[in-house]
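Chemist: A structural model of the following input is requested.
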Amino acid sequence: MKPRNRVRWLPFVLLAAVIAGSAYLAPLARCASEPPTAAAKPTRATAEEGVAPPVHTVSSNFSRIVVVRLKRDADLLDGLKTAVTQEKIKNAVILSGAGSLTSYRVHVVSNTVFPPTNAFFQGAGPYDLLTTTGYIIDGRVHAHIAFSNTEKTLGGHLEPGTRVFTFAIITLGVLAEPASLQRFDDYTW
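Modeler: Okay, here's the model as predicted:
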């Protein structure tokens, strides 16, 4: 096809693309403007009603990345809570964490029937902080850590009393509004 003929067809190609795109977008626009029917409620509406679907998802981009550095002798959990408040973070993903510890205090689930119970354990000594994972849910820190020394690797849900040795660096991916992780860690949901 000659370059001149391509230019002549360009408006028609663009129009076809717009029509095809609108055919795909129309149901989405209709869903956004119409209230859901009783037979097909979206997952978000179900979550707000208090009945947990078998699988619930939230899609979001990160609005920003926040890197938190805690210095020697800081309480790891208290430091994270302070950073979340200071940065006005509502919902986020804890992407990574590294550093070293002089003490730890964590809990792990200790049974397999409801209601769940927790076993708390703690210790002191030199430990490398291998990773920090978890979420900030409605401004509340839900963090887990893994740490090791020359003999063992341990981990669990972060509790007050975990103290930083040299430093700790935690990276948070802040979710863009209106993403919400509400009830994601509520075992009764």
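
Chemist: domain parsing of the protein, as residue ranges.
Modeler: Structural domains annotated on the chain: 3-49, 62-175, as defined by automatic domain parsing.

Chemist: any idea which of those domains is most buried?
Modeler: Ranked by mean neighbour count, the domains of the chain are led by domain 62-175 with a mean of 17 (mean count of other Cβ atoms under 10 Å). C-beta here means a position set from N, CA and C on the backbone, and glycine is covered the same way.

Chemist: what's the spacing between that one and its chain's center?
Modeler: Between the mean C-alpha point of domain 62-175 and the mean C-alpha point of its chain there is a distance of 14 Å (Cα atoms, centre = their mean, to the nearest Å).

Chemist: just the mean pLDDT for that domain, thanks.
Modeler: For domain 62-175, the per-residue pLDDT values average out at 98.

Chemist: how about the helices in this structure?
Modeler: Using DSSP state H, the helices of the chain run over residues 3-33, 43-49, 76-86.

Chemist: can you tell me the strand partners of the lengthiest strand in the chain and which way each runs?
Modeler: As far as residue count goes, and with DSSP state E defining each element, the longest strand of the chain is strand 118-137. Its sheet considered, strand 118-137 pairs with strand 92-109 (antiparallel), strand 140-148 (antiparallel) by DSSP bridges.

Chemist: nearest to Val84, of those?
Modeler: Of all those, strand 140-148 sits nearest to Val84, with 6.1 Å by Cβ to Cβ.

Chemist: okay, and the beta partners of Lys71?
Modeler: Lys71 has these beta-bridge partners by DSSP bridges: Phe167.

Chemist: circling back: need the domains of the chain in a markdown table with distance to Trp189, can you?
Modeler: Shown next, in a markdown table, are the domains of the chain (distance: least, Cβ to Cβ, whole Å):
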| stretch | distance to Trp189 |
| --- | --- |
| domain 3-49 | 8 |
| domain 62-175 | 12 |
